[in-house]
Each structure stands twice: as C-alpha cells, then as structure tokens.
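S.K.: After the sequence you'll find the predicted model.
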Amino acid sequence: MEKPTLRQRTHDCNGLREEHIGEGALLMGWVAGIRDWGGALFLDLRDRYGITQVVFDASRDKELLDRVSSLRSEDVVAVTGAVSKRLKANDKIDTGAVEVLAEDLYVFSRSEVPPFPVRDETNAGTEIRLKYRYLDLRRPVMQRTLVTRGKIAHFVRNILFDESFLEIETPFMVKYTPGGARNFMVPSRLQPGMVYALAESPQIYKQLLMVGGYDRYYQLAKCFRDEDPRLDRQLEFTQIDLEMSFADDEDVMDTVERLFVRLWQNLGLSFTEATFPRLTWQEAMDRYGTDKPDMRFGLPHVILDDFARGSGIGILEDAVAQGRMVKGLVVPGRAAEFSRKILDELTATVRREEVGPAKGLIWLKVEGSGELKGPVAKLMSPEIQTALCDRLGMHDGDLLFIIADEPKITHKAMDFLRRDLAARLGLIGAGMFAPLWVVNFPMFERSEEGQWVSSHHPFTHPSPADLPLLNTPRQGEVKSLAYDLVINGNEVGGGSVRIHDPAIQAQVFTALGIGDEEAERLFGFLLEAFRYGVPPHAGFAAGLDRLVMIVTGTDSLRDVIAFPKTVSGTDAMTGAPTAPGAPQLKELGISLAPPQRSV
RNA sequence: GGGGUGGUAGUUAAGUCGGUUAUAACGCCGGCCUGUCACGCCGGAGGCCGCGGGUUCGAGUCCCGUCCACCCCGCCA
C-alpha cells in the first residue's frame, strides 16, 4: 500500500466500536504486542487514545501474514481492514468488542528492541526510564497523567478567563536578588561580567502589572530554584500564578476557591467540603503539629501541658517544667489492634532523626471505665487516670499516645505519628480530596543567625491589628495577611495581601533589618513604581505539578513532568548540564572551576 | 553540606562462610501452533558482577576510594 497520511486515517486506536462493524478502517500507531499463532496473528495497535486488535489470517492473505510476522514491538505502522465483531470480546480495553481484519499494511518505521517494555506494569528503574524518556512517555499510565495535566492547564485558563483574568507572560531572565531560594544565574554576553537570574517566581513582576493597571493577571509560570530536588521538588516547576487589584484576602480566597471547585467539577471530582474550612496557623500547629494538615481523617492532637504538670509522671512533670511541650493523640476504640510489638515499633519510629527525633513515646490503653494500662500507668493515681479519661473523652478500648519534647520536635513527631496511624488504621478513603485554608501565619521567623526574616516574602502585609507590634520586642507575635491552600496534607499554594502603603513597607523593611539603601538597591524599581499610584492588591500561586500529583494520585513529581531532572539536577537523556568550551566562556567573559566529573 | 539504600544479562532481581562453568523471570533470536489478548510449547544466544585500588593461593562476595541512581535531613514551594 502507498504511504498513507493523517487525512486518510479513519479512527484513532480507541475509535472503533460495535457500531462500526462492517465498515472499513485505516489505523495508525505503534505495535504494542504480537501474538503469532502461525496460521493467524493478532497485533495490538496502540496510540495515546487506546489499543485496537488487528487480525491477520493466513486463509485470507498468506503474503500479508508473512510480511506482518516480521513486525516487532514499537514498530510504527498503518493498517487497513474491515471492522469485525470479535468471537470473544476483551472487556479490558475499550475497543474490546471489535477487531480489524487486516487487508493491507504500511510500515512507517522500525524500532530497535526497547530497553524496557512499553507497558504500565513496567518495573524499570528511574534511571533507565529517564534515559529513554520518550519510551517511558509512551506508556499509557504516563500518557493519562500528561493528558490530565494538559486538561488542568486548559481548565484553569478557561475558568480564569471567565473570571476576567488576563494571561500575561513575565520574564524568565530577571535581576538577581539575594534571599529566598538560590537563583540560577545566566551570564550576559552583551554585558560581560554581569548575570541575569532565572526567576524563582514572577512575584515582583505581577505586582508591577497591578501598578500597570492589569487588575486581574494570571500565568502558568515556569519557576527556577537552585535548591536540592526531592521526590516532590524539581529545579524547574510550574506555578498557576495570579494577582488581583482592589482585592483583599477574602476576595482572593473566594476566587481561588471558585477556581478549584470548578476545576474539580471539570475533572469529574469533588471535595469533601462544599466550602473550604479554615484554620489559623496556630490552630493547625496545636491540633496537627503542622501548617499543612491532612484533613481526610481526624486523630487531632491535644495539648496536655496542664495535665502533665500534676500527672505524677516524673518525665512529664519535668518536661513541662523545662518548657517542653506535651501533646496527646487518642485513637478511639482500636487499642486492641496495637500489640506490644507495634507499640515498640512506633516508639522506635518517633525516635528516628527525620521524624523527631523524640526522646520517647508514652502509650496508655483504656480498659473498663477510666482505668489505664501501660508502662507509666502505675505512676498515676486512679483519680488522675479517671480525670485524664474524662478530659479526653476516652472510653474502653481507646489508645492514647503522648510525646513530651521541645515544641518543634513534639509537633513534628506527633504530626508523623498522626499520619502513620491514619495509614495504619486505613482511615484514608480513596478518591477523597479534603481542602483547607490555613490563615494568620506568623509574619516573621528567626533565621539560623537569629535575624528576623520574612515567613512569606517582604511584601506581605502584616495583620492590621498587629501593626503596632512592628519593631517592638513583641515583633515575633506579628501575624500576616497570608494564606495557604492545603489539599490532603499537601501545600497546594499560597498567597498574601501585599503592602501598598510605603510607610508600612518601610516599617517592615526596618523590622527585617533592611536599611533604606539596601531596600533601594534591591527593590528600588518596585518602590518607585509604588510612588505612581498603586492599587491595593493581593495574590496567590499554586504549584501546578503538585496539583497534578494530587489529582492523579501520583507519588513522584517526576511522573507528572514530561522531562524531569534527576535528584542531582542532571538530565539523564541529554546529559545536561555539560561543560562549555573555551570559546563560549571567552564570549561570555567568565571562567569556570574544572568540572567535578567527566561530561 | 550531612545521613541512608542500591548498582550482577536488554530489564527486574537471587547469589549462603571468600572456592569449580554466576542463577531465575521477563525480554530477545530460531522453530511449532488459526482465536489469542501478560497466548502456549520446544530450543538458543546473551555478563568488564558500576569504575579504580587493596587484602588473599583465590573476590560478584572482604577493605579503601570514587562515580551514578534513589530516599531523607539541612535548604526550598
């Protein structure tokens, strides 16, 4: 047959159904598999839409059967034939009721033997998958993920367009500013010895767009941060970035909430709550030990400092006396499922470096009406035992865990314990999406050197009620008009009201130890812009990659990005980064340290 | 920057106390087979055991170094 083109293709590989029986079809795709029976041969033809079975029959065309028997996996072919009802349907594929009785075949290209099978069930390691990424991307599960990613991007654009947002691109190559994430640098040829930074976010540009009068801006913005990659972090990632003028925190949260509810609807999903619940940062820390709690299950923490004080348990009384924090967590009704072995395992877990490390884990089982069992129970009088049960509303069969440690460690270890227990007890239902706004974040935190630094960024508006505390000894108590959106324990995005009053901005810079001169040098252009009529504004940015992870239930960020980098920042397929040659360096006016590895 | 796990056939893994020809599954190649769909059956090929050094009569195995991948802490969203 002559080389066919797309115009002649009648269906994709998921297009044929019983209604097409008797019609002719011309399909194109990859050979996903061949089952050769000698007298007959079954060929699975695959494209990104699905799989269709093509049958070659010796009794119909022996010459064609001979030709097709030379085909191998991943060859690219076109096939013509008659759509026919299968003798026995295959309900695993959408086209399983029909097959194509082949009449002719055209081979577009041949494939070498692939290094791993192009199937969902591959157990190929990360390295080989990234090296042959184009084959990995051909796997249906990867294609489904990227299709979902494409849909999300499309829906977000549609929804924001409907809400009068305008998509505007901002530069990748920007002015280098210290602080926050480490920047990638791009040497300038035209300005020898000078560098651009790759934008870690469009933050300043989107605020300048507000000054420019574009009162509702958004962008699916690529961001670059030179920090160590993780399972859920890459050097390059994409943000759904937006900013609104004349808007306060409630306006932004309303808008973002509508965006997410509509996005979920478009994806055929739904949230556990019609309106997104809110917690203050302090409530989140007290009840869950983290600023991004997973709300798909309960098991809240209870602060037990007051109980610890008179508990009769020496280690708890000492802990409180030394300013440590005592937290409890009740597992209702399922104490019997926790053997001594499991409890010992949990104790070992909270002692691990990356979990706490907590000094220990106290557990108490409730038996009967208010009687406690456990290693420290005998230290508590019956009255205190009953009081504790009453206080926590515990009954027969409940299990209580207690950790007493430095506040930071108590929070961290109890957060881990809560999530571990939820998984252990099977409390997390499939297909659940539990949203949460966390609000009222601290404005500042202490750096390692003891300096005050912004929790969010220096343009975040302090809570108006806390303004008098700026540049006072109580500065650490200042909260900000910042908000984070959390879904299933993942920080999906965050934003804040921005400062548009130069006087407040000056106070915040002072609070951060940034002098007038330094502020002028770093952000002078922004401060100048604000002198020409700046609307009050506020915004939000969501991590698109993480959003796709949550929606598709993927556990690695690499699996929602077409061409991700390895954990050491290399591209396994292209070999980037590479060492430049001397002529390139000379042109750029820079010199480099010798590479630490061969390239 | 720190800690951990791993690297053996194309892929995924096993390999005991240091000992003869390094094993399996899938894939690949050849043969048989007309209703399979992870087809089946028979046969076969395929190895710098990551790399470099060391210990030893002898190293996939023990030691040192190094590179790569992955996971975690720091950092960061």
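M.R.: Happy to help now that I have it. Numbering: from 1, shown residues only, chains lettered A, B, ... in the order given.

S.K.: For chain A, which residues score under the pLDDT cut-off?
M.R.: In the predicted model of chain A, residues A:595-599 satisfy pLDDT under 70.

S.K.: the longest helix in it is where?
M.R.: Ranked by number of residues, the top helix in chain A under DSSP state H is helix A:140-162.

S.K.: and after that helix, which helix or strand comes next?
M.R.: Using DSSP states H and E, the helix or strand that directly follows helix A:140-162 along the chain is strand A:166-167.

S.K.: and that following strand, what other elements does it pack with?
M.R.: Here strand A:166-167 touches helix A:140-162, strand A:216-224, going by 3 or more CB pairs under 8 Å, 6 or more residues apart in numbering; DSSP states H and E. Every C-beta, even on glycine, is put in place using the N, C-alpha and C of the backbone.

S.K.: now the last one, how far from the centre of its chain.
M.R.: Same thing as strand A:216-224. Relative to the centre of its chain, strand A:216-224 is centred 16 Å away, using CA atoms, centre = their mean, to the nearest Å.

S.K.: For that strand, report the contacting residues that lie outside it.
M.R.: Strand A:216-224 has contacts (CB atoms under 8 Å, 6 or more residues apart in numbering) with A:153, A:156-157, A:160, A:163-170, A:172, A:183-184, A:198-202, A:206, A:209-210, A:235-245, A:541, A:544.

S.K.: Buried residues of it, list them for me.
M.R.: Within strand A:216-224, the residues scored as buried using 16 or more other CB atoms under 10 Å are A:216-221, A:223-224.

S.K.: which one of those is nearest residue A:473?
M.R.: Distance to residue A:473 across the buried residues of strand A:216-224 (CB to CB) is lowest for residue A:223, with 36.5 Å.

S.K.: Please enumerate the helices of the stretch 301-450 of chain A.
M.R.: For the stretch 301-450 of chain A, applying DSSP state H, counting those that start in this stretch gives helices covering A:305-309, A:314-321, A:340-350, A:382-392, A:407-424.

S.K.: starting at the chain centroid, how far to the first one?
M.R.: From the chain centre to the centre of helix A:305-309 is a distance of 38 Å (CA atoms, centre = their mean).

S.K.: so what does it touch, helix or strand wise?
M.R.: Judged by 3+ CB pairs under 8 Å, 6+ apart, the packing partners of helix A:305-309 are helix A:314-321, strand A:325-331, helix A:382-392.

S.K.: How about it, which residues are buried there?
M.R.: A:307-308.

S.K.: what's in contact with that helix?
M.R.: Taking CB under 8 Å, 6+ apart as the rule, helix A:305-309 contacts A:316-317, A:319-320, A:325-326, A:387-388, A:391, A:404.

S.K.: got the contact list for residue A:284?
M.R.: A:290-293, A:438.

S.K.: can you tell me which of those are in strands?
M.R.: Applying DSSP state E to those, the entries found in strands are residue A:438.

S.K.: Out of the helices and strands packed on strand A:166-167, which is closest to residue A:300?
M.R.: Of the helices and strands packed on strand A:166-167, nearest to residue A:300 by CB to CB is helix A:140-162, at 31.6 Å.

S.K.: Which residues does the residue of the stretch 401-550 of chain A found nearest RNA strand B form beta bridges with?
M.R.: In the stretch 401-550 of chain A, the residue that lies nearest RNA strand B is residue A:543 (4.6 Å; CB to the nearest atom of the strand). Residue A:543 has these beta-bridge partners by DSSP bridges: residue A:239.

S.K.: Make sure it is actually in contact with residue A:237.
M.R.: Yes - between residue A:543 and residue A:237 there is a contact under CB atoms under 8 Å: 6.4 Å.

S.K.: Look up how far residue A:419 lies from the residue of the stretch 351-500 of chain A found nearest RNA strand B.
M.R.: With CB to the nearest atom of the strand as the measure, residue A:354 is the residue of the stretch 351-500 of chain A nearest to RNA strand B, at 3.0 Å. Residue A:354 is 13 Å from residue A:419, where distance means CB to CB, to the nearest Å.

S.K.: higher neighbour count, those two?
M.R.: It is residue A:419, of residue A:354 and residue A:419, that has more neighbours when counted by other CB atoms under 10 Å, with 20 against 7.

S.K.: Provide a list of residues in contact with the more buried one.
M.R.: Taking CB under 8 Å, 6+ apart, we find residue A:419 in contact with A:294, A:489.

S.K.: can the helix or strand containing residue A:491 be found next to RNA strand B?
M.R.: Using DSSP H and E, residue A:491 sits in strand A:490-497. Yes - Strand A:490-497 is in contact with RNA strand B by CB under 7 Å from any atom of the strand, via A:491, A:494.

S.K.: Report the next helix or strand after that strand in sequence order.
M.R.: Taking DSSP H and E, what comes next after strand A:490-497 is helix A:502-511.

S.K.: ok, and what's touching that following helix?
M.R.: A:444, A:452, A:458-459, A:461-462, A:467, A:470-471, A:475, A:478, A:499, A:515-516, A:519, A:527, A:530-531.

S.K.: ok, and of those residues, which contact RNA strand B?
M.R.: Restricting these to those touching RNA strand B (CB under 7 Å from any atom of the strand) yields no residues.

S.K.: Of these, keep whichever come out buried.
M.R.: A:444, A:452, A:458-459, A:461-462, A:470, A:475, A:478, A:499, A:519, A:527, A:530.

S.K.: hmm, which two among these are most spread apart?
M.R.: Across those, no pair lies farther apart than A:475 and A:530, at 23.3 Å, counting by CB to CB.

S.K.: Quick one: residues contacting residue A:198.
M.R.: Taking CB under 8 Å, 6+ apart, we find residue A:198 in contact with A:172-174, A:183-186, A:224.

S.K.: One more: residue A:243?
M.R.: Taking CB under 8 Å, 6+ apart, we find residue A:243 in contact with A:206-207, A:209-210, A:216-218, A:537-540.

S.K.: ok, what's across the strand from it?
M.R.: Beta-bridge pairing for residue A:243 (DSSP bridges): residue A:217, residue A:539.

S.K.: and if you look at residue A:484?
M.R.: Bridge pairing for residue A:484 - DSSP bridges - gives residue A:438, residue A:494.

S.K.: ok, now residue A:445?
M.R.: Beta-bridge pairing of residue A:445 under DSSP bridges involves residue A:453.

S.K.: Touching, it and residue A:451? I think so.
M.R.: No - counting by CB under 8 Å, residue A:445 stays clear of residue A:451, with 9.9 Å between them.

S.K.: List the contacts of the residue of the stretch 401-550 of chain A closest to RNA strand B.
M.R.: A:237-240, A:491-493.
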